[in-house]
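A.B. asks: Pasted the sequence and its predicted model underneath.
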Amino acid sequence: MGTSTDGILAYGYDIKTPGEGMNFRGLHDDDVPAWLMEDSEDEDSGWHDFGEAATARLLAANGFTETWETRTGDGYHAREDEAKKALGVEIVSHCSGEYPMFILAAKSQSASRGYPEPADLAVPGNADERLAWALEVLGIKPDADKPQWLLASYWG
């Protein structure tokens, strides 16, 4: 298996700065949302779990509380995928798999190295409202005053 580099274009907020420990942009360690550390035994493991934990929190706030452990019957992944689509936002991982950083996005698009893609810059009509809702649910206050197009990369 080789290394790939992907380009990512996302409309939303940058919610992670590089550095040690649990540093959200604009937050001191003491202000990190409690939900992020609830199930984490290791302080530094939280960032690797952030995307999954944030998505689970958003899904629950939007009414989808089923988990892999509590699933009933077949079709769990299809139900989860539909619930994720209904959120209108997603957590986009960028930087690298070993040191992930995150974007809260209402829209994202990626392209793999060597495979250019036309950029679709149309923003969903309710993007800003969904992003504001997600920020409130997650307890995050980004540095930016409003959502913006962010260009990032992923090396993995």
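C.D. replies: Arrived safely. Numbering: from 1, shown residues only.
A.B. asks: who does the lengthiest helix in the chain touch, helix- and strand-wise?
C.D. replies: Counting by DSSP state H, the longest helix found in the chain is helix 46-61. Helix 46-61 is packed against helix 34-37, helix 76-87, strand 90-96, strand 100-112, helix 127-138, with contacts defined by 3 or more Cβ pairs under 8 Å, 6 or more residues apart in numbering; DSSP states H and E. Using the backbone N, CA and C atoms, a C-beta is placed for each residue, glycine as well.
A.B. asks: Could you identify which of those has the lowest mean pLDDT?
C.D. replies: When the helices and strands packed on helix 46-61 are compared on mean pLDDT, helix 34-37 scores lowest, with a mean of 70.
A.B. asks: Which elements pack onto it?
C.D. replies: Partner elements for helix 34-37 (3+ Cβ pairs under 8 Å, 6+ apart): helix 46-61.
A.B. asks: CA atoms only for the helix it packs on, dumped as CSV, please.
C.D. replies: C-alpha atoms of helix 46-61 as CSV (Å, rounded to 0.1, in the frame of the first residue of the first chain):
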residue,chain,number,x,y,z
GLY,A,46,-9.3,12.5,21.7
TRP,A,47,-8.2,14.1,18.5
HIS,A,48,-8.0,10.8,16.7
ASP,A,49,-11.5,10.0,17.9
PHE,A,50,-12.8,13.6,17.3
GLY,A,51,-14.4,12.9,13.9
GLU,A,52,-16.3,9.9,15.1
ALA,A,53,-17.3,11.5,18.4
ALA,A,54,-18.4,14.8,16.8
THR,A,55,-20.4,12.9,14.2
ALA,A,56,-22.1,10.7,16.8
ARG,A,57,-23.0,13.9,18.8
LEU,A,58,-24.5,15.6,15.8
LEU,A,59,-26.4,12.5,14.8
ALA,A,60,-27.9,12.1,18.3
ALA,A,61,-28.8,15.8,18.3
